[in-house]
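Chemist: 3D, please:
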Amino acid sequence: MKKIAILGSTGSIGTQTLDVARANKDCRIVALAAGGNVAKMEEQIREFHPVVAGMWTEDAASDLRDRVADLDVKVVAGMEGLLEIAALPQSQVLVTAIVGMIGIKPTIAAIKAGKDIALANKETLVTAGHIIMPLAREHHVAILPVDSEHSAIFQSLAGEGTDGKSPVVEKILLTASGGPFRGRTRRELENIQVEDALRHPNWSMGRKITIDSSTLVNKGLEVMEAKWLFEVGLDRIQVVVHPQSIIHSAVQYADGAIIAQLGVPDMKLPIQYALFYPERRYLEGKRVDLFELGQLTFEKPDTENFPGLALAYRAAEVGGSMPTVYNAANEKAVELFLERKIPYLEIGELIGKAMDRHHVIENPTVEDILAVEQQTYEYMREGLSCK
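Modeler: Numbers count the residues shown, from 1 in each chain. The predicted structure is shown next:
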């Protein structure tokens, strides 16, 4: 029986993880945590009967306690609740599907408790990869990628180890759909509205990650994540725009061979692979029909009109606390765009300005990372109020 705890169970990755659990009867969901969607959490508790359930605020937790008073479930709240769930003795795998840097401390707690991590929280490695990966090695814990691209790389490395350190690994080819605005000029992007940016051509994702995909910031975060996951230099990570989203990423080897993972865009595949690795199980769903597909195309990313990717490489090269600034500035800028307080193109501009003003901390602690995050948020608020 695979015993699983999920942080972010009411979001896109969390609900699809529960879909996988439904289809695999040897899964047991022992803990769930979410932000503020109490009604959804109640539904999940009544279906999966976890030992513990957590909400981010005490008000939401109190509401949930009243709703599930007839059930044998402990309801916890806030960061303390997340940490309790992360280290829960009954679990084997922690799925980190929450968004933001609040995922760092629970991930550390789970690693120290000996839990494998099914990682869907990019920010954990982007900002604290220098802490997380050595800690996972120390505690002999597996970090199993849930992102479709990193799962594809992980699968393409099968037989050569689970990282890119092998001398036979020449390059990682990280694919990107290009988002809804691929091919557009800067002038054509000036009047982009929220509704336009939320229409992703291939993937169904949360609002924030969908905006990140459109700006190529999401791909920038994935570059930084790949650097830590697979222990490769930035010069060996090449982003390739692949509009069909059939090749989810690939690895190029020293003999010229390229091993890739292909499939229809469906997040349940990488979720299931992470949960049951190294076993590969049946997954219901559509299959790729190569005759119907006809062709696969590839392009270089447009970093001039979509500066988010170039800024990510710059942040990763500088290292230290700079990736935290990149991530935090983007989070706040996307929030402002979704609230219709800034235009679309200002997302990249604000990230660049926040990075320009930052004094880098070379080897930041978790406390440093969280402090830099708050400082960046404050800078973004001040900049907006000065307009």
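Chemist: Before we move on, what's the pLDDT of Asp19?
Modeler: At Asp19, the predicted lDDT confidence score is 98.
Chemist: That one: what's it in contact with?
Modeler: Shown here is Asp19, whose contacts under the criterion CB atoms under 8 Å, 6 or more residues apart in numbering are Lys268. In this view, the C-beta of every residue, glycine as well, is placed from N, C-alpha and C.
Chemist: Flag the shaky bits of this structure, pLDDT-wise.
Modeler: Flagging of the chain using pLDDT under 70 yields the residue ranges 161-165, 201-205, 383-387.
Chemist: where do the strands sit along it?
Modeler: 2-7, 27-34, 52-55, 74-77, 93-96, 116-119, 143-145, 169-176, 237-241, 247-253, 258-262 (DSSP state E).
Chemist: packing partners for the shortest one?
Modeler: What that stands for is strand 143-145. In terms of contact count using 3 or more CB pairs under 8 Å, 6 or more residues apart in numbering; DSSP states H and E, strand 143-145 is assigned the packing partners strand 116-119, helix 122-138, helix 148-156, helix 217-229, helix 268-276.
Chemist: Could you dump the ones you listed into CSV with mean neighbour count and distance to Ala34 added?
Modeler: Output for these, formatted as CSV (neighbours: other CB atoms under 10 Å; distance: least, CB to CB, whole Å):
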stretch, mean neighbour count, distance to Ala34
strand 116-119, 26, 17
helix 122-138, 20, 17
helix 148-156, 26, 23
helix 217-229, 26, 22
helix 268-276, 23, 17
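Chemist: Can I get the ones you listed in a markdown table including distance to Glu84?
Modeler: Below are the helices and strands packed on strand 143-145 laid out as a markdown table (distance: least, CB to CB, whole Å):
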| stretch | distance to Glu84 |
| --- | --- |
| strand 116-119 | 17 |
| helix 122-138 | 18 |
| helix 148-156 | 28 |
| helix 217-229 | 26 |
| helix 268-276 | 22 |
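Chemist: Of the strands of the chain, which is nearest Asn305?
Modeler: Ranking those by their distance to Asn305 (criterion: CB to CB) puts strand 237-241 first, at 12.5 Å.
Chemist: Go through the closest one and flag the buried ones.
Modeler: Applying a neighbour-count criterion of 16 or more other CB atoms under 10 Å, the buried positions in strand 237-241 are Ile237, Gln238, Val239, Val240, Val241.
Chemist: show me the contacts for the third one.
Modeler: Meaning Val239. With contact set as CB under 8 Å, 6+ apart, Val239 has these partners: Leu174, Thr175, Ala176, Lys219, Val223, Pro301, Leu309.
Chemist: what number of residues lie near the closest residue to Glu304 other than its chain neighbours?
Modeler: Excluding the flanking residues, the one nearest Glu304 by CB to CB, 6 or more residues apart in numbering is Arg186, at 7.8 Å. Counted with other CB atoms under 10 Å, residues neighbouring Arg186 total 12.
Chemist: before we move on, what about Leu234?
Modeler: The criterion is other CB under 10 Å. On that basis, Leu234 has 16 neighbouring residues.
Chemist: Report the contact partners of the nearest residue to it once chain neighbours are set aside.
Modeler: With CB to CB, 6+ apart as the criterion, Leu234 has its nearest non-adjacent residue at 5.6 Å, and that residue is Ala316. Taking CB under 8 Å, 6+ apart as the definition of contact, the neighbours of Ala316 are Val223, Met224, Lys227, Leu234, Met322, Pro323.
Chemist: ok, back up a step: Arg280: which of the strands of the chain is closest?
Modeler: Of the strands of the chain, the one closest to Arg280 (CB to CB) turns out to be strand 258-262, at 11.4 Å.
Chemist: And that closest one, what does it pack against?
Modeler: If you count contacts as 3+ CB pairs under 8 Å, 6+ apart, strand 258-262 packs onto helix 148-156, strand 247-253.
Chemist: For my notes, please list those in JSON lines and give distance to Asn330 for each entry.
Modeler: As requested, the helices and strands packed on strand 258-262 are arranged in JSON lines below (distance: least, CB to CB, whole Å):
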{"stretch": "helix 148-156", "distance to Asn330": "18"}
{"stretch": "strand 247-253", "distance to Asn330": "22"}
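Chemist: Now do the residue lying closest to Asp212 once chain neighbours are set aside against Arg65, distance only.
Modeler: Spatial nearest neighbour of Asp212, excluding adjacent residues (CB to CB, 6+ apart): Asn218 at 3.6 Å. Using CB to CB, to the nearest Å, one gets 36 Å for the distance from Asn218 to Arg65.
Chemist: count of residues packed around Asp302?
Modeler: Neighbourhood size, Asp302 [other CB under 10 Å]: 18.
Chemist: In contact with it, which residues?
Modeler: Arg182, Gly183, Val241.
Chemist: coming back round to it: would you check which pair of the contacts of Val239 lies furthest apart?
Modeler: Between all members of the contacts of Val239, the longest pairwise span (CB to CB) is found for Thr175 and Leu309 and amounts to 12.9 Å.
Chemist: I'd guessed Asn218 sits against Gly206; true?
Modeler: No - with contact defined as CB atoms under 8 Å, Asn218 does not count as touching Gly206 (11.0 Å).
Chemist: what about stretch 355-368, how long is it end to end?
Modeler: Using CA to CA, to the nearest Å, the span of stretch 355-368 from its first residue to its last is 16 Å.
Chemist: Mind listing residues that contact that stretch?
Modeler: Taking contacts as CB under 8 Å, 6+ apart, the residues outside stretch 355-368 that touch it are 104-105, 108, 128, 130-131, 311, 314-315, 318-322, 324-326, 329, 372, 376, 379.
Chemist: Export the strands of the chain to a markdown table and append columns for distance to Leu338.
Modeler: Listed next are the strands of the chain as a markdown table, based on distance: least, CB to CB, whole Å:
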| stretch | distance to Leu338 |
| --- | --- |
| strand 2-7 | 23 |
| strand 27-34 | 20 |
| strand 52-55 | 23 |
| strand 74-77 | 26 |
| strand 93-96 | 23 |
| strand 116-119 | 25 |
| strand 143-145 | 27 |
| strand 169-176 | 22 |
| strand 237-241 | 25 |
| strand 247-253 | 27 |
| strand 258-262 | 32 |
